[in-house]
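In: just coords:
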């Protein structure tokens with residue numbers, strides 16, 4: 001009888017612990033789905049833009065872009081797959097939050113016609129990541145990851161974005177947007193995978 005009571009108590013504890021884990025996995029699935037949509041949208045916009053250019057124009061824009069940097073490169077983030085895999089869930093979430101937030105202003109200039117959809121989708125993604133950060137801030141990892149507090153503020157990024165029609169500016173915006181959404185997709189996917197140890201989290 002006593003043994004049976006212990007088993008019931010253990011099952012109750014497992015059930016209580018499983019509930020926040022299931023909720024976290026659900027939130028991660030939503031966030032990953034949203035950033036995947038934005039990444040695919042960025043790829044499509046960039047492809048459409050490049051398809052409208054002459055070969056010489058494409059070559060020159062690509063050359064100039066390789067010599068330049070995205071403004072969000074100032075946000076401290078994992079530089080390769082090894083750093084990404086070693087980073088804590090909370091750090092990956094925080095970097096993702098700053099990358100998404102850095103696009104709140106320049107997203108208005110990404111593409112005519114659909115540009116009004118992008119800021120809304122970014123805001124929804126940012127809200128979801130913020131919720132995930134609050135869920136994970138109670139974990140011990142937030143106390144053992146000092147690099148987390150070295151992230152620079154994101155408020156001033158892309159403030160130089162203009163509404164002009166220059167090819168170089170339009171190309172850089174689209175290429176940087178695609179690059180950043182790919183980063184966020186990678187970080188959120190790895191963070192989500194950490195909640196399922198049985199999954200293969202290698203990049």
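Out: Great, that's in hand. What you see is a predicted model, and the numbers here were worked out from it, not measured in a lab.
In: what about the helices in this structure?
Out: For the chain, the helices defined by DSSP state H cover 2-51, 55-66, 81-86, 89-101, 117-136, 167-193.
In: Which of the ones you listed has the highest mean neighbour count?
Out: helix 89-101 (a mean of 25; mean count of other C-beta atoms under 10 Å). For the C-beta atoms, the positions are set from N, CA and C on the backbone; glycine is no exception.
In: So what's the model's average confidence on it?
Out: For helix 89-101, mean pLDDT is 94.
In: before we move on, what about stretch 26-39?
Out: The average pLDDT within stretch 26-39 is 94.
In: still on that earlier bit, switch the helices of the chain over to CSV; also include distance to residue 107.
Out: CSV is the format used below for those (distance: least, C-beta to C-beta, whole Å):
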stretch, distance to residue 107
helix 2-51, 10
helix 55-66, 19
helix 81-86, 24
helix 89-101, 10
helix 117-136, 5
helix 167-193, 7
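In: mind showing which ranges of this structure have poor pLDDT?
Out: For the chain, applying pLDDT under 70 flags the ranges 1-20, 62, 64-68, 111-116, 138-165, 197-203.
In: let's see 90
Out: 1-26, 44-76, 79-82, 85-86, 104-119, 134-175, 193-203 (pLDDT under 90).
In: how near is residue 117 to residue 60?
Out: 30 Å (C-beta to C-beta, to the nearest Å).
In: ditto for residue 53
Out: Residue 53 is 9 Å from residue 60, where distance means C-beta to C-beta.
In: try residue 134
Out: When residue 134 is compared with residue 60 (using C-beta to C-beta), they lie 45 Å apart.
In: One more: residue 97?
Out: 35 Å.
In: what do you get for residue 93?
Out: For residue 93, the distance to residue 60 - C-beta to C-beta - is 38 Å.
In: same thing with residue 99?
Out: With C-beta to C-beta as the criterion, residue 99 and residue 60 are 28 Å apart.
In: got it, and residue 189?
Out: The value you get for residue 189 to residue 60, if C-beta to C-beta is used, is 34 Å.
In: One more: residue 191?
Out: For residue 191, the distance to residue 60 - C-beta to C-beta - is 38 Å.
In: same thing with residue 167?
Out: Residue 167 is 9 Å from residue 60, by C-beta to C-beta.
In: and what of residue 43?
Out: 21 Å.
In: just residue 192 next, same as before
Out: Following C-beta to C-beta, the distance that separates residue 192 from residue 60 is 39 Å.
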